[in-house]
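Q: Here's my sequence, what's the structure:
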Amino acid sequence: MGASIDALAPCTECGVVHPGTMLRCPETDMMLPLAGRLLDGRFRLLQCIGRGGMASVWLARNERVDRRVAIKLIRADIARDDDLVARFRAEARAAGRIGHPNICDILDSGRSPIGPYIVMELLQGGSLGDLLADGRAIEPPLAVMLAREALRGLGAAHKAGIVHRDLKPENIFLHRPAGWPEQGEPIVKLMDFGVAKFTDGTGEARTEHGALLGTPEFMAPEQFRGAAFAEPRTDIWAMGAILYRALTGRNAFGGPTVAATLLMVASEEPKPLIELAPDTPPGLVDIVSRCLRKQPDRRFADVAELDAALAPFESPTRDLSPWLELGPDVPSPSRLSVPAAVAPVSNPTRVWTGPTDVVPRRPNRRTHVAVGVALAALLSSVAWQLRVTSSASADASVVSPTLAASESPTRTPSEPYAPHDDEPDEPIVVLPDAASADVPPRSATPPPPPPPSDDVVAPPPNTPVPSASVPTTPVEDPAGVVRVARWVALVKSGAPGTHKNASDHCEALAAAGHLGIRRWELPNPAVAAKFAGAKGIRKGRYWTSALWRGNALAIAMPAGDTKSMSKTQSKPRTLCVARWP
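A: Predicted structure coming up:
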């Protein structure tokens, strides 16, 4: 059942069309165009249907059982990082451990010549984020119905000892199964357990103390102390923030910058929901307010308690309008007309598996600088509010057990828009897609600490204020390098020699950890081109990593033109590059 070689794209480096079982060029070791190729001897990759900063998602067919699936492939450069690979595997382990209808099912995982991969069920429809796009709000019964379905999956995760830590509308998927509406009921699926926490300590991925994982608009205050402080009630905060967004069309917390958003979460209360959505039942307003208490022990005790509180506000008849409003129906993958392995899929933006940025980068110095400098000044004045104590008095119940659902109002939502892809650079704190249009710009000067309220535990007088949990010292590039974007190259190039001499030179630098870096390598042509004209690079011709039939590609500096030369030529010099930090 192999793909015709005529349907495969040629190697971008050597120009040869290699067999469909090959994923890397045998001459240059560069990754081949993947469409139509066979992954791990089983999965025919048909089309890329999602791409993010950490991974890409492919529509694929399991050739052994003739089933369409979605395959998430970690980026090749990230595949060299053991910590990120461990977190990638943790996603598969988390979803596999839960095994619930309201969780996107993980079917398999493995490792291939181009890196680790995860096999997932193929979902059709769109996310709650799509439904709420462009400031759109939905009626309370609909919001409650979707939230309660998501809570079923979340409750199963908590029982399995897993805290999601990154709940948001984009990770709640409204799946329309094959055959719907004639057969099969639509269902809510929780996505993206890439930053999940294993409360029993058995998770493969480790999180450094003080690392911030999540999306600022939906992060609970305790997460600012570090991802390790997340617990099940952290997810309850996020559900409250999601309900607030669904009912009002705007985020409970959202500033023009990440630092401003975190400051709002730590020290401010959201605008009263009833002012933005006056038709919301008062009891439902109280539920959302309780979810957003800054101290975990003042929120709902668990998912079951929150679900029971929401029950009176759900319509007794299941409303399928969310699935209908996600755009035109998408044909079932099994019925798609695909004449060849690489034929395009109809409406691919509606056949996807949710956000793909699921493998947060390891908290390194550069990442800490990116958020630390901005946060240090703003959060220092309110850092004492993040000291969550278990000794606070229990919150009196704000939800009456006799709450009755009121009739749903009629709203005129704005038109939905098509989702777009984001590729965050360093998603330790996942940046929001855009600053909230409802929040005016804030001054860069930190406001004074607000007066203590009934939801804040004030510190005793003269209590030292803890510093932010991220360093504020900028990361300096090592001496003797030239930086271009996220790459550095040695100013002092290697002596002229053959291509093998150049490759061995870079490998020796990597093995020795030269300048504290262990990833020195010859640049591929695209990376080498970045350094064309860079100040500090000596004029001359340099080897790249591209090889083909005894020839290698060399690039001239500063002009940037490339030339194919015999790899035994001894005139080109060595340019060793590495990602830093």
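Q: Regarding the chain, what is its longest helix?
A: Criterion DSSP state H: the longest helix present in the chain is helix 140-159.
Q: what about that helix, average pLDDT?
A: Across helix 140-159, pLDDT averages out at 94.
Q: in it, what counts as buried?
A: 140-158 (16 or more other CB atoms under 10 Å). From N, CA and C alone the C-beta is placed, and that goes for glycine too.
Q: Show me what it is packed up against.
A: Contacts defined by 3 or more CB pairs under 8 Å, 6 or more residues apart in numbering; DSSP states H and E place helix 140-159 against helix 82-98, strand 172-175, strand 187-190, helix 232-248, helix 303-310, helix 321-324.
Q: Go ahead and name everything in contact with the last one.
A: Helix 321-324 is touched from outside by Gly125, Leu128, Leu131, Ile138, Leu142, Leu146, Leu174, Arg176, Trp180, Pro186, with contacts defined as CB atoms under 8 Å, 6 or more residues apart in numbering.
Q: try it again with 7 Å
A: For helix 321-324, the external contacting residues (CB atoms under 7 Å, 6 or more residues apart in numbering) are Gly125, Leu131, Leu142, Leu146, Leu174, Arg176, Pro186.
Q: same thing with stretch 489-507?
A: Contacts for stretch 489-507 (CB under 7 Å, 6+ apart): 480-482, 520-522, 531, 536-538, 542-543, 552, 567-577.
Q: list the buried ones in stretch 499-506?
A: Buried, per 16+ other CB under 10 Å, within stretch 499-506: His499, Asn501, Ala502, Ser503, His505, Cys506.
Q: try stretch 512-522
A: Buried residues in stretch 512-522 (16+ other CB under 10 Å): His514, Leu515, Ile517, Arg519, Trp520, Glu521, Leu522.
Q: For Glu27, see how far away the last one is.
A: This means Leu522. Counting by CB to CB, to the nearest Å, the gap from Leu522 to Glu27 is 15 Å.
Q: try the third one
A: For Ile517, the distance to Glu27 equals 28 Å [CB to CB].
Q: Could you find the closest non-adjacent residue to Lys539?
A: Once flanking residues are discounted, Lys539 sits nearest to Met557: 5.9 Å by CB to CB, 6 or more residues apart in numbering.
Q: Please give me every residue in contact with the one you found.
A: Phe531, Ala532, Ile537, Lys539, Gly540, Tyr542.
Q: Tell me what it is bridged to.
A: Gly540 (DSSP bridges).
Q: sorry, back to before: could you dump the buried residues of stretch 512-522 into CSV and include distance to Leu23?
A: Shown next, in CSV, are those (distance: CB to CB, whole Å):
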residue, distance to Leu23
His514, 31
Leu515, 32
Ile517, 27
Arg519, 22
Trp520, 25
Glu521, 19
Leu522, 21
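Q: Can you name the two of these that sit furthest apart?
A: Based on CB to CB, the longest span within the buried residues of stretch 512-522 runs between Leu515 and Leu522 and measures 16.9 Å.
Q: just for the stretch 251-400 of the chain, where's the confidence low?
A: Residue ranges of the stretch 251-400 of the chain with pLDDT under 70: 327-400.
Q: Can you give me the first-to-last residue distance of stretch 251-261?
A: 10 Å (CA to CA, to the nearest Å).
Q: Give me the buried positions along that stretch.
A: Asn251, Ala252, Phe253, Gly254, Gly255, Thr257, Val258, Ala259, Ala260, Thr261.
Q: separation between the fourth one and Leu38?
A: This means Gly254. 45 Å.
Q: all helices in the stretch 401-550 of the chain, in order from the N-terminus.
A: 499-512, 525-530 (DSSP state H, counting those that start in this stretch).
Q: So which elements touch the last one?
A: Counting contacts by 3 or more CB pairs under 7 Å, 6 or more residues apart in numbering; DSSP states H and E, helix 525-530 is packed against strand 540-548, strand 551-557.
Q: These into JSON lines, with extra columns for distance to Lys271 and mean pLDDT?
A: Compiled in JSON lines, the helices and strands packed on helix 525-530 are given as follows (distance: least, CB to CB, whole Å; pLDDT from 0 to 100):
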{"stretch": "strand 540-548", "distance to Lys271": "54", "mean pLDDT": "89"}
{"stretch": "strand 551-557", "distance to Lys271": "56", "mean pLDDT": "91"}
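Q: Mind putting the contacts of helix 321-324 into a markdown table with distance to Asp235?
A: Shown next, in a markdown table, are the contacts of helix 321-324 (distance: CB to CB, whole Å):
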| residue | distance to Asp235 |
| --- | --- |
| Gly125 | 23 |
| Leu131 | 20 |
| Leu142 | 21 |
| Leu146 | 16 |
| Leu174 | 19 |
| Arg176 | 25 |
| Pro186 | 23 |
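Q: tell me which of the residues you listed is nearest to Trp58?
A: Gly125 (18.3 Å).
Q: list the contacts for that closest one?
A: Neighbours of Gly125 in contact, by CB under 7 Å, 6+ apart: Phe173, Leu174, His175, Arg176, Trp323, Leu326.
Q: Could you give the secondary structure assignment for the closest residue to the fourth one other than its chain neighbours?
A: Read it as Arg176. Closest residue to Arg176 apart from its sequence neighbours, by CB to CB, 6+ apart: Gly125 at 4.4 Å. Under DSSP: H, G, I helix; E, B strand; the rest coil, Gly125 falls in the strand class.
Q: and Asp166, how many residues sit next to it?
A: Close neighbours of Asp166, defined as other CB atoms under 10 Å, add up to 29.
Q: close enough to count as contact, it and Leu190?
A: No: using CB atoms under 7 Å, Asp166 is not in contact with Leu190, being 10.5 Å away.
Q: What's the separation between the closest residue to His158 other than its chain neighbours and Cys11?
A: Of all residues not flanking His158 in the chain, Pro232 sits nearest, at 4.7 Å (CB to CB, 6+ apart). Pro232 sits 49 Å away from Cys11, taking CB to CB as the criterion.
Q: repeat for Lys294
A: 55 Å.
Q: cool, and Gly533?
A: In this view, Gly533 and Cys11 are 28 Å apart by CB to CB.
Q: Ok, Ala252 next?
A: Ala252 is 50 Å from Cys11, by CB to CB.
Q: and what of Phe253?
A: Phe253 is 48 Å from Cys11, by CB to CB.
Q: low-scoring stretches of the stretch 101-250 of the chain, by residue?
A: Where the stretch 101-250 of the chain drops to pLDDT under 70, the residues are 194-196, 198-213, 227.
Q: again, only using 50
A: The model of the stretch 101-250 of the chain has pLDDT under 50 over residues 204-211.
Q: list the contacts for Lys189?
A: Asn102, Ile103, Cys104, Leu123, Phe173, His175.
Q: What residues are bridge-paired with the last one?
A: When you say that, I think you mean His175. Beta-bridge pairing for His175 (DSSP bridges): Gly125, Ile187.
Q: I'd say it and Met120 touch.
A: No: between His175 and Met120 there is no contact under CB under 7 Å: 11.7 Å.
Q: Just the buried residues of stretch 158-167, please?
A: Buried residues in stretch 158-167, counted by 16+ other CB under 10 Å: His158, Ala160, Gly161, Ile162, Val163, His164, Arg165, Asp166, Leu167.
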